[in-house]
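**Q** 3D, please:
(chains A and B)
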Amino acid sequence: MTALLELDGVHAGYGPTSVLHGVSLSVPAGGVVALLGANGAGKTTTLRAITGGVRWNGDIRFDGRSLRRMSTEEIVRRGIAHVPEGRGICTELTVDENLKLGSHLRHDGAEVRKDYDRVFEYFPLLKERRRLSASTLSGGEQQMLALARALLMKPRLMLLDEPSLGLAPIVVRSIFQIIRSINEASGVAVLLVEQNARIALDLSSTAYVLEVGRVAVHGDSAELQGNESVRRSYLGY
Amino acid sequence: MQEFLQQVVSGLAVGGIFASLALALVLIYNAMGLVNFAQGEMAMLATFVAYALVNRGMSYWIAFPVALVLAFGGGIVIQRIVIRPVERAPILTLVIITLGLATLLNGLAGFVFGYVPRSFPSPFSAQSADVLGVFVSYRDLGVIAMCGLVLLAVYLLLQRTTVGLTMRAAAHHPEASRLLGVQVSWMLGLGWGLASAVGAVSGIMVAPILLLEPNMMQSIIIYAFAAAVLGGIESPLGAVVGGLVVGVTINLAGAYLPFVGGDLQLAVGLAIIIAVLIIRPNGLFGRAAVRRV
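**A** Numbers count the residues shown, from 1 in each chain, chains lettered A, B, ... in the order given. Prediction:
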């Protein structure tokens, strides 16, 4: 499999504080990759570097092209959907308007309508609440809205920042199931940042563990899960 | 009763003028949390442009939309050249910059057009119509209709079009919008253009009443502040309702409170600002400010 996204010795930080000290990783087309690590390890910063939300050095390539000096808008338009920390729901707008923001750059009208049908199959609840303000949704429902909106962008890669954060275990399970079916049905690649290592390793085929801005361990998810010393020292379960 | 209703109608007409300028203030406040003190001067300059066009023999009904389009372009240019370089500066810096911009535009208009008040044409007849026994002037009705049309157009643009949707998203959630491919900086530019055009309507509508000169909008902007504050500063609907309420209030106060007359109407506008800020700081349509700590 060829790499869809490649990070090559990426350094990044906020002002004088540097957070990433040479992170290299790759996401194959259609693959699911987990990015794990403790709080402050640089997981979110890695995602922000990819979509241009933070200055970086090194190289980031998407589909063979460097993303250097591209604005967030340009990067996103190339086919990367980033569901940020906190989900990025526009609470001033309705559910429907949030979804429209996902598809507003697309011109393939018939395909868009099909994608809406598909999205409502995954998340029937959103269809019922289309006209309501997004601020009336619960945390789990907002996460569903964020995923649905990302899907409507017809991305080739989705960056998901802690989709399980603050949600009840049963909601987390159903959301991860949907992420799996989205990946299997449409072949969109996923780079998943998670604190919940167990569920992320179940979903992903490859995983990277960050420790203070460096990749400490990486490899096959199943192997990492089976390796007790890795589990104890880095994944905390 | 009849005189009362007549006062109400002409109050609605000036209220429509206040509402347009107040809406311009709200559009920019929503987009960047900034009260644009130059809004009135921008409207004044656009009115001078309309004046120059009419003076060169252009028909009023062509000059009016042309002036609005030029005001729209001018608003975008101001955002790109003056505001964008300091977008991330503290809010006080931005406020001072808009004050400086107001002084600059005022001086520019004075330099080019002079300070002698000029009469500005009104396209509406000065006669009155008898509506169910109440005499209302065609001018008032015309101003109400024009302001109503413009406000409706803004509403449709913001609520029913994709551009309007992305403008609203960019204003409230710039970071999240960027991740959805919205060109946030251009949306701010469009917001300034739109605000500038809407504000220009108030200038062009008020000019036949007040006579056109560089300081023409300086009292109108106070009423517009009152209207925006009354409506809750971030609510477009609130700005319109606030504008109409302020217009009718100052008109009735001028007619029925002998000590107010024509001279103290501005004081009524200021009193409204103070009263709202004391009694109901979030205005009629504003939401209570919630801050997580």
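**Q** point out where chain B drops to low pLDDT.
**A** Across chain B, the stretches falling below the confidence threshold (pLDDT under 70) are B:288-293.
**Q** helix, strand or coil for the closest residue to chain B within chain A?
**A** Distance from chain B to each residue of chain A (C-beta to the nearest C-beta) is smallest for A:Gly88, at 3.4 Å. Yep, even glycine has a C-beta here, placed from its N, CA and C like the rest. Per DSSP: H, G, I helix; E, B strand; the rest coil, the secondary structure class of A:Gly88 is coil.
**Q** which residues are in contact with it?
**A** Listed by C-beta atoms under 8 Å, 6 or more residues apart in numbering or on different chains, the contact set of A:Gly88 reads A:Ala146, B:His173, B:Glu175, B:Ala176, B:Leu179, B:Leu180.
**Q** ok, 7 Å please
**A** For A:Gly88, the residues meeting the contact criterion (C-beta atoms under 7 Å, 6 or more residues apart in numbering or on different chains) are A:Ala146, B:His173, B:Ala176, B:Leu179.
**Q** of those residues, which pair is most distant in space?
**A** Checked with C-beta to C-beta, the contacts of A:Gly88 reach their widest spread between A:Ala146 and B:His173, with 12.1 Å between them.
**Q** right, and the helix or strand after the longest helix seen in chain A?
**A** The single longest helix within chain A, with elements called by DSSP state H, is helix A:169-186. Later in the chain than helix A:169-186, the nearest helix or strand by DSSP states H and E is strand A:189-193.
**Q** that following strand and chain B, are they touching?
**A** No. Under the criterion of C-beta under 7 Å from any C-beta of the partner chain, chain B is not reached by strand A:189-193; the shortest gap measures 14.1 Å.
**Q** check which helices and strands that strand is in contact with.
**A** The contact analysis (3 or more C-beta pairs under 7 Å, 6 or more residues apart in numbering or on different chains; DSSP states H and E) places strand A:189-193 against strand A:17-28, strand A:32-37, helix A:43-50, strand A:157-161.
**Q** deepest in the core, which of these is it.
**A** The highest mean neighbour count among the helices and strands packed on strand A:189-193 belongs to strand A:32-37 (a mean of 26), with neighbours defined as mean count of other C-beta atoms under 10 Å in any protein chain shown.
**Q** so where's chain A shaky on pLDDT?
**A** A:1, A:237.
**Q** around chain B, which positions in it sit nearby?
**A** A:51, A:72-73, A:76-77, A:82, A:84, A:88, A:90, A:92-93, A:97, A:100-102, A:104-105.
**Q** sorry, back to before: from the contact counts, what lies against the longest helix of chain A?
**A** With contacts defined as 3+ C-beta pairs under 7 Å, 6+ apart, helix A:169-186 has these neighbours: helix A:139-152, helix A:197-203.
**Q** what sits against the residue in the stretch 1-150 of chain B that chain A sits nearest to?
**A** Relative to chain A, the nearest point of the stretch 1-150 of chain B is B:Asn30 (9.4 Å; C-beta to the nearest C-beta). If a contact means C-beta under 7 Å, 6+ apart, then B:Asn30 has B:Ala171, B:Glu234 as its contacts.
**Q** quick check: it vs B:Ala200, distance?
**A** Using C-beta to C-beta, to the nearest Å, one obtains 19 Å as the distance from B:Asn30 to B:Ala200.
**Q** also B:Arg80?
**A** If you go by C-beta to C-beta, the gap between B:Arg80 and B:Ala200 works out to 18 Å.
**Q** looking at these two, which is more packed in?
**A** Applying other C-beta atoms under 10 Å in any protein chain shown to B:Arg80 and B:Ala200 shows that B:Ala200 carries more neighbours, namely 31 against 15.
**Q** confirm the more buried one sits in a helix?
**A** Yes. Applying three-state DSSP, one finds B:Ala200 inside a helix.
**Q** ok, and the closest non-adjacent residue to B:Gly15?
**A** Distances taken as C-beta to C-beta, 6 or more residues apart in numbering or on different chains put B:Gly247 closest to B:Gly15, at 2.3 Å, once the chain neighbours are dropped.
**Q** element containing that neighbour?
**A** In this structure, B:Gly247 is located in helix B:236-256 according to DSSP H and E.
**Q** mind listing what's buried in the helix or strand following that helix?
**A** Following helix B:236-256 in sequence order, the next helix or strand is helix B:265-279 (DSSP H and E). Taking 16 or more other C-beta atoms under 10 Å in any protein chain shown as the neighbour-count basis, helix B:265-279 is seen to contain the buried residues B:Gln265, B:Leu266, B:Val268, B:Gly269, B:Ile272, B:Ile273, B:Val276.
**Q** I'd say A:Asp8 and A:Asn57 touch.
**A** No. Using C-beta atoms under 7 Å as the test, A:Asp8 is too far from A:Asn57 to be in contact (10.4 Å).
**Q** hmm, back to that, dump the helices and strands packed on strand A:189-193 into JSON lines; add distance to A:Ala110 as well.
**A** As requested, those are arranged in JSON lines below (distance: least, C-beta to C-beta, whole Å):
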{"stretch": "strand A:17-28", "distance to A:Ala110": "29"}
{"stretch": "strand A:32-37", "distance to A:Ala110": "29"}
{"stretch": "helix A:43-50", "distance to A:Ala110": "31"}
{"stretch": "strand A:157-161", "distance to A:Ala110": "23"}
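**Q** so for A:Gln177, which of these sits nearest?
**A** strand A:32-37 (13.0 Å).
**Q** what angle do that closest one and helix A:43-50 make?
**A** Angle between the axes of strand A:32-37 and helix A:43-50 is 130 degrees (criterion: axes from the mean of the first three to the mean of the last three C-alpha atoms, to 10 degrees).
**Q** and of the helices and strands packed on helix A:169-186, who's closest to A:Leu20?
**A** Between A:Leu20 and those, the shortest gap by C-beta to C-beta is with helix A:197-203, which sits at 19.6 Å.
**Q** so which bits of the closest one are buried?
**A** Along helix A:197-203, these residues count as buried under the neighbour rule (16+ other C-beta under 10 Å): A:Ala197, A:Ile199, A:Ala200, A:Leu201, A:Leu203.
**Q** ok, and what's touching that helix?
**A** Defining contact as C-beta under 7 Å, 6+ apart, one finds that helix A:197-203 is touched by A:32, A:34, A:36, A:164, A:172, A:176, A:179-180, A:192, A:194, A:207, A:221, A:224-225, A:235, A:237.
**Q** do that again at 8 Å, thanks
**A** Residues outside helix A:197-203 that contact it (C-beta under 8 Å, 6+ apart) are A:32, A:34, A:36, A:164, A:172-173, A:176, A:179-180, A:192, A:194, A:207, A:221-222, A:224-225, A:235-237.
**Q** the residues you listed, buried ones only, as a PyMOL selection?
**A** Selecting the buried subset of the contacts of helix A:197-203 in PyMOL, with 16+ other C-beta under 10 Å as the burial test, is done by:
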select buried, chain A and resi 32+34+36+164+172+176+179+192+194+207+221+224+225+235
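**Q** now the strands for the stretch 51-200 of chain B?
**A** Here the stretch 51-200 of chain B has its strands, by DSSP state E, counting those that start in this stretch, at B:128-131, B:134-137.
**Q** put the alpha carbons of stretch B:118-125 into PDB.
**A** Written as PDB, here are the backbone C-alpha positions of stretch B:118-125 (Å, rounded to 0.1, in the frame of the first residue of the first chain):
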ATOM      1  CA  ARG B 118     -25.800  70.500   0.100                       C
ATOM      2  CA  SER B 119     -29.300  69.400  -0.600                       C
ATOM      3  CA  PHE B 120     -29.600  65.800  -1.700                       C
ATOM      4  CA  PRO B 121     -32.500  64.700  -3.900                       C
ATOM      5  CA  SER B 122     -35.200  62.500  -2.700                       C
ATOM      6  CA  PRO B 123     -36.900  60.300  -5.300                       C
ATOM      7  CA  PHE B 124     -40.200  60.400  -3.400                       C
ATOM      8  CA  SER B 125     -42.800  63.100  -3.700                       C
END
